[in-house]
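> predicted model and sequence below, questions to follow.
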Amino acid sequence: GENVEQHPSTLSVQEGDSAVIKCTYSDSASNYFPWYKQELGKGPQLIIDIRSNVGEKKDQRIAVTLNKTAKHFSLHITETQPEDSAVYFCAASIDYKLSFGAGTTVTVRA
Amino acid sequence: DSGVTQTPKHLITATGQRVTLRCSPRSGDLSVYWYQQSLDQGLQFLIQYYNGEERAKGNILERFSAQQFPDLHSELNLSSLELGDSALYFCASSVAPGGNQPQHFGDGTRLSIL
């Protein structure tokens, strides 16, 4: 099955700085890569996704890049704000199944 | 608010018991997914239904079963519960069944086994 590794496991940034989370996947057949944000007591919330035929996608302060050759993808958050503090999960999809990374706890310091 | 509704929010029961978790997908979504989230295993895919039919199976134990009804709501049944079944159980839904469809999650049911 698909194996997704996510780094770092924790990330502390100063408000206004950028945050970068990196993920690698094992199965080259994976073709869809969503990112989720999970706040305490809530379910994962889809924040951005990218398909295998696209190299980069941006939505306001959030961007995702995909390198199919290297089998890795990254989430970039610019101008971080306190409300960006949460756990972020990457995922890769193959055969109807989403495989998730272990998560990154992001803390934005005021 | 994702539009996916899960009930109950919390469930406390004992080992050996059976429970049923319920999920109503977003309006217009035909596919439902169940996930288990625990501290040691992370988010694990359990099973997927599309328009009432099972489409994909993940790491779902034989003691667990699910179904999707004609009105598209889904239930996850957990039986012969063990302490290790304590976890958050999430339901997600998408418009179509493909693995590249955006999935939207509910806020989960927290199951505690005493």
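Alright, I've got the coordinates. Since the model is a prediction, treat every value here as computed from it, not as a measurement.
> can you name the residues that contact B:E82?
Shown in contact with B:E82 (Cβ atoms under 8 Å, 6 or more residues apart in numbering or on different chains): B:15, B:113. Just so you know, the C-beta spots here come from the backbone N, C-alpha and C atoms, and that holds for glycine as well.
> quick check: it vs B:G3, distance?
32 Å (Cβ to Cβ, to the nearest Å).
> need the strands for the chain, in chain order.
In the absence of a named chain, this looks at chain A. Assigned by DSSP state E, the strands in chain A fall at A:4-7, A:10-14, A:19-25, A:32-38, A:45-51, A:56-59, A:62-67, A:72-77, A:86-94, A:97-100, A:104-109.
> you answered for a different chain; I wanted chain B.
B:5-7, B:10-13, B:19-24, B:31-38, B:42-50, B:53-57, B:64-68, B:74-78, B:87-94, B:104-105, B:109-113.
> which strands and helices sit next to the fifth one?
To tie it back to what came earlier, the one meant is strand B:42-50. Applying 3 or more Cβ pairs under 8 Å, 6 or more residues apart in numbering or on different chains; DSSP states H and E, one finds that strand B:42-50 contacts strand A:97-100, strand B:31-38, strand B:53-57, strand B:64-68, strand B:74-78.
> the last one and chain A, are they touching?
No: if you take Cβ under 8 Å from any Cβ of the partner chain as the test, strand B:74-78 misses chain A, and the best it gets is 14.6 Å.
> and that strand, how far from the chain's centre?
Mean C-alpha position of strand B:74-78 versus that of the full chain (Cα atoms, centre = their mean, to the nearest Å) differs by 7 Å.
> what packs against that strand?
With contacts taken as 3+ Cβ pairs under 8 Å, 6+ apart, strand B:74-78 sits against strand B:19-24, strand B:31-38, strand B:42-50, strand B:64-68, strand B:87-94.
> mean neighbour count added to the strands of chain A, as a markdown table?
Below are the strands of chain A laid out as a markdown table (neighbours: other Cβ atoms under 10 Å in any protein chain shown):
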| stretch | mean neighbour count |
| --- | --- |
| strand A:4-7 | 18 |
| strand A:10-14 | 13 |
| strand A:19-25 | 21 |
| strand A:32-38 | 23 |
| strand A:45-51 | 17 |
| strand A:56-59 | 12 |
| strand A:62-67 | 18 |
| strand A:72-77 | 21 |
| strand A:86-94 | 24 |
| strand A:97-100 | 23 |
| strand A:104-109 | 17 |
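> alongside chain A, which residues does chain B contribute?
Counting by Cβ under 8 Å from any Cβ, chain B sits next to chain A at B:2, B:4, B:6, B:33, B:42-45, B:48, B:55-56, B:58, B:90, B:92, B:97-108.
> weed out the non-buried ones from the residues you listed.
B:2, B:4, B:6, B:33, B:42-45, B:48, B:55-56, B:58, B:90, B:92, B:97, B:99-101, B:103-108 (16 or more other Cβ atoms under 10 Å in any protein chain shown).
> I'd guessed A:T105 sits against A:L40; true?
No: with contact defined as Cβ atoms under 8 Å, A:T105 does not reach A:L40; the gap is 10.7 Å.
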